[in-house]
Every structure is written in structure tokens, then in C-alpha cells.
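Engineer: pasted the sequence and its predicted model underneath.
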Amino acid sequence: MDRDIIKRALAGLCDKSGDLIAFDERLVNHSTIRTGGRAFAWYEPVSPEELRRTLDFLRGAGARTLVLGNGSNVLMPDGYLDAVVVNLSGDYFTHKGFEGSAVTVGAGEKLSALISECCARGLSGLEGLVGIPGTVGGALVTNAGYRSAISDRLSRVKVIDARGNIRCAERKELVFGYRTSSFSTDQIIIEALFELREMPLSDLRERIKDLFMEKLRSQPLDRKTLGCIFKNPAKSGYKSAELIDMAGMKGTRHGGAVISQKHANFIVNSGNATSGDVKALIREIQDRVRTDFSVDLVPEIEIIE
Ligand SMILES: Cc1cc2nc3c(=O)[nH]c(=O)nc-3n(C[C@H](O)[C@H](O)[C@H](O)COP(=O)(O)OP(=O)(O)OC[C@H]3O[C@@H](n4cnc5c(N)ncnc54)[C@H](O)[C@@H]3O)c2cc1C
């Protein structure tokens, strides 16, 4: 279907439902490394029902959709992204409901907000994710973790599947691995239920503070990055950061993209980097580590084309 027709129809649908829609959206504002071009549309639904209706329309129109959380694990294209980017930052998708030691949370909620609220209630189980600048949905898809993984305390998720049905999946139906999950790209997570356990408030606060300080000491949390670029290789006996450091690559630059001096598995946007610079630096690291150590580094980040 013609882009102008889709644009008019989408604007009309969103006008009626109260959903937010913006066209020709700048992607640098939606990625923690602050690179990327523009997208056809940026869409924030107000409820799962409205989201379902819009997805039905977009499927029928043959338009590409892409769900984005906080953009902390994705490298956007520098050119035009011909897709409707779905973002769940509206009230419905960021709600939190507590019942005993369980919490139901919208997939668009930031991990930091969830962890602080759990901490205030003396509920432990998610604090191992402290310092990860993602949303619940993005963290589940990537099975994010630091001292523990998000899947460790997961009990159930609610998703919209490829056919537009809203359904629940129990933890045992899902498969999680090291930075992987069995969610397919045509599923949208809308809500998750976590089973936590009670812990004395002072112990929990202390634990969160220690974990955060540990991250702050070892990672450039104050810079524009995507966190770790590569997964740790399974068999080499070394972490990716160690291999990159041993290859003497800290500080190596391509355009505005630089390998962090603080943590060699982080690429920093020093101000004017493009996604192309980041991709070129990724290739350079892979080539050098393959030549020096015969190890193939696999990206942990997702490169959107
Ligand atoms: C400074 C820094 C530190 C980091 N530290 C860590 C760390 O310690 N451990 C770690 O694991 N990661 C870390 N990361 C990487 C990143 O923060 C995590 O992978 C995070 O969980 C991604 O969440 P997000 O909301 O930003 O997802 P996005 O980057 O927006 O998306 C990631 C993927 O999830 C999909 N997605 C997002 N929301 C949904 C949804 N609702 N339904 C379906 N699919 C969805 C997207 O389409 C995409 O495929 C770090 C990143 C930074 C910048």
C-alpha cells in the first residue's frame, strides 16, 4: 500500500483512539548510543486493544513494524527505516501491580523504576539487573542479566502473537539462554509477572548499592553506548573485553566511534559517531581478534537494517 495512504489511515486511527503517532521520527532520540537516521513512523499505543487494532491494519497494509524498548541493545540504520516503530511507554504499559511478593509489570516499564519500587517494598529478585538501562520487554527478549538474569524470577508473560491474539505464556513454555530467548520477532510482550521474595530493606539497599558501584567502577555508564557489544565466547577461556584488551585495541577509533578505555567490550559515541562508524569498528575488532586469537566474536547487540 502507498506510504501516503498508510500515513493518513494511521493518523486517523490514532486520532480516534488517543494513541500517539509521529512521522519521520529521528531515531537518535531513541537509542542509547545516539546514532541512526529517521523512521517512517513512531507509534505509542494507549492499550493492548488499540495496539492490536493498529497491528491488524499494518499487517493488512504490508507495513513493517518493529518494537523498541529503550533502544539500549539495538544499533539503528543511518538511513531511512521504512517501518512503524512501536513503543510501549504509555501509562498502561508501564503500570506495576503488587500482590504479596509478586509483581505484575507492563513491558514498557524501565528496569530502574521497577527495581526501585521493589526495593522500597523490600522485595528481592530483580536487583541483579541494576544499572541496565532497558525496559522489561527488551530485557526479556535479550534475557538481560548482570549478577542474575531477568528470566530467573519470571513466572508468566502476556504477549500479542503474530495473529494478533493476546495470550499468556507460563515460564515453562519459554526457553532462555545466555542473552537469548524463545520470543519470536512477531510477538510483542505486553506484561510480565515476577515472583520475588521478601528481604530486610537495609540488606536489599546495601546489595543494590554494592552492585551499582561495581558496575560504575568497571563500565562507562555515563557515556553514549549500547553496553557490551559482543557476547563472551563460550570456549576461549577469556571474556570478549579481555580479548579486545589483549589485542591492544582500547582507544581504537573509527570516525566518532571509540573502544572504551574503561571496558574494552563497550563502544562509545564520542560525539558525532554514525551507526556506520560503529559497524566498521565492530568488523575491525572481529578481524583482529580472529587473527590474534582464532576466536569469532558474536555481537550481543542487534543491528537493525
Ligand atoms: C550502559 C549499558 C549497560 C548495559 N548493561 C547490560 C548488562 O549488564 N546486562 C545485559 O544483559 N545487558 C546490558 N545492556 C544492554 C541492554 O540494556 C539490555 O539488553 C536491555 O535489556 C535492552 O532493553 P531495551 O528496552 O533497551 O531493549 P531494546 O534495545 O529497545 O530492544 C531489544 C530487543 O527487544 C525487542 N523488544 C523490546 N521491547 C519488546 C517488547 N515489548 N516485546 C517484544 N520485543 C521487544 C526489540 O525489538 C529488540 O529486538 C547494557 C546497555 C547499556 C547501554
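Structural biologist: It's in. Numbering: from 1, shown residues only.

Engineer: show me what contacts the residue of the stretch 201-305 of the chain found nearest the ligand?
Structural biologist: Nearest residue of the stretch 201-305 of the chain to the ligand (Cβ to the nearest ligand atom) works out as residue 227 at 2.4 Å. Every C-beta, even on glycine, is put in place using the N, C-alpha and C of the backbone. Contact analysis of residue 227 by Cβ atoms under 8 Å, 6 or more residues apart in numbering lists 32, 72, 73, 132, 133, 219, 266, 300, 301.

Engineer: which residues touch the third one?
Structural biologist: Which is residue 73. Taking Cβ under 8 Å, 6+ apart, one finds 134, 138, 142, 144, 226, 227, 300, 301, 302 in contact with residue 73.

Engineer: again, only this time at 6 Å
Structural biologist: Taking Cβ atoms under 6 Å, 6 or more residues apart in numbering, we find residue 73 in contact with 142, 301.

Engineer: go on, the first one?
Structural biologist: By Cβ under 6 Å, 6+ apart, the residues touching residue 32 are 71, 72, 133.

Engineer: just checking: which of those residues also lie near the ligand?
Structural biologist: Among these, proximity to the ligand is found for 71, 72, 133 (Cβ under 6 Å from any ligand atom).

Engineer: mind checking which of these are in strands?
Structural biologist: Secondary-structure check on those using DSSP state E: no residue lies within strands.

Engineer: dump those to a markdown table, plus neighbour count.
Structural biologist: Listed next are the ones next to the ligand among the contacts of residue 32 as a markdown table, based on neighbours: other Cβ atoms under 10 Å:
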| residue | neighbour count |
| --- | --- |
| 71 | 25 |
| 72 | 22 |
| 133 | 18 |
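
Engineer: quick check: the gap between the residue of the stretch 201-305 of the chain closest to the ligand and residue 268.
Structural biologist: 11 Å (Cβ to Cβ, to the nearest Å).

Engineer: want to throw the contacts of residue 227 into CSV with distance to residue 40?
Structural biologist: Below are the contacts of residue 227 laid out as CSV (distance: Cβ to Cβ, whole Å):
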residue, distance to residue 40
32, 22
72, 22
73, 22
132, 29
133, 26
219, 34
266, 31
300, 27
301, 23
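
Engineer: which single one of the contacts of residue 32 is nearest to residue 117?
Structural biologist: Proximity of those to residue 117 (Cβ to Cβ) peaks at residue 133, which lies at 16.7 Å.
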